[in-house]
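Q: Mind looking at a prediction? Sequence and model below.
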Amino acid sequence: MHRLNLAQANTLIEAALAKGAELGLKPLTVTIHDPGGYLIACQRQDGASNMRVKLAGGKAAGALALGVSSRTIGDMAVDRPHFIAAVDTMSEGGMVPAAGGVIICDGSGTVVGAIGVTGDTSDNDEACALAAIEAAGLRAKN
């Protein structure tokens, strides 16, 4: 497997939204991207603002662009704000330097895509992304 398929993307979305419901979170938006950063699937819960699709996508696409989670990009932005600002202007899907974007790997460690979650606190967004990856039998890139 070199990329997530639509069935896997939908499984990831359902699992992320289920975790959000379990935690009683605000309305979430979840995007799933292939290894090139292109959107495979997206769902925006009722009540989620319209900008959330771009925010979730920016978390996932940014993670793929730099090869690290969007949480790590947020840490990088503190240390090297000019670098992150410059890379953001070059990236296709934008870049959101806040937790919630996680690279997804298969069992052998090959990158197969990424998930972006937004709508609640960044920590809660990331918790939903990680729960979804685990529920789908995949691995988050460390």
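A: Sure, I can see it. Numbers count the residues shown, from 1 in each chain.
Q: so residue 17 touches residue 28, yeah?
A: Yes - between residue 17 and residue 28 there is a contact at 6.1 Å, judged by C-beta atoms under 8 Å. To be clear about C-beta, it is placed using only N, CA and C from the backbone, and glycine gets the same treatment.
Q: list the residues that contact both of these two?
A: Taking C-beta atoms under 8 Å, 6 or more residues apart in numbering as the criterion, residue 17 and residue 28 both touch 45, 128.
Q: Please confirm that residue 25 is located within a strand.
A: No - with DSSP: H, G, I helix; E, B strand; the rest coil as the criterion, residue 25 is located in coil rather than a strand.
Q: shouldn't it be in contact with residue 128?
A: Yes - under the criterion of C-beta under 8 Å, residue 25 makes contact with residue 128 at 7.3 Å.
Q: Tell me the buried residues in the longest strand anywhere in the chain?
A: When the chain is parsed with DSSP state E, its longest strand is strand 111-118. With burial defined by 16 or more other C-beta atoms under 10 Å, the residues of strand 111-118 counted as buried are 111-118.
Q: follow-up on the earlier one: tell me, what's touching residue 25 and residue 128 both at once?
A: Jointly contacting residue 25 and residue 128 under the rule C-beta under 8 Å, 6+ apart are residue 120.
Q: gap between the residue of the chain most remote from its centre and residue 88?
A: Residue farthest from the centre of the chain, counting by C-alpha atoms, centre = their mean, is residue 82 at 22.8 Å. Using C-beta to C-beta, to the nearest Å, residue 82 is found at 11 Å from residue 88.
Q: Could you do residue 142 as well?
A: Distance from residue 142 to residue 88, by C-beta to C-beta: 24 Å.
Q: out of those two, which sits in the more crowded spot?
A: residue 88 (17 against 8; other C-beta atoms under 10 Å).
Q: With distance to residue 69 added, can I get the buried residues of strand 111-118 in TSV?
A: As requested, the buried residues of strand 111-118 are exported to TSV (distance: C-beta to C-beta, whole Å):
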residue	distance to residue 69
111	12
112	15
113	13
114	9
115	10
116	11
117	12
118	14
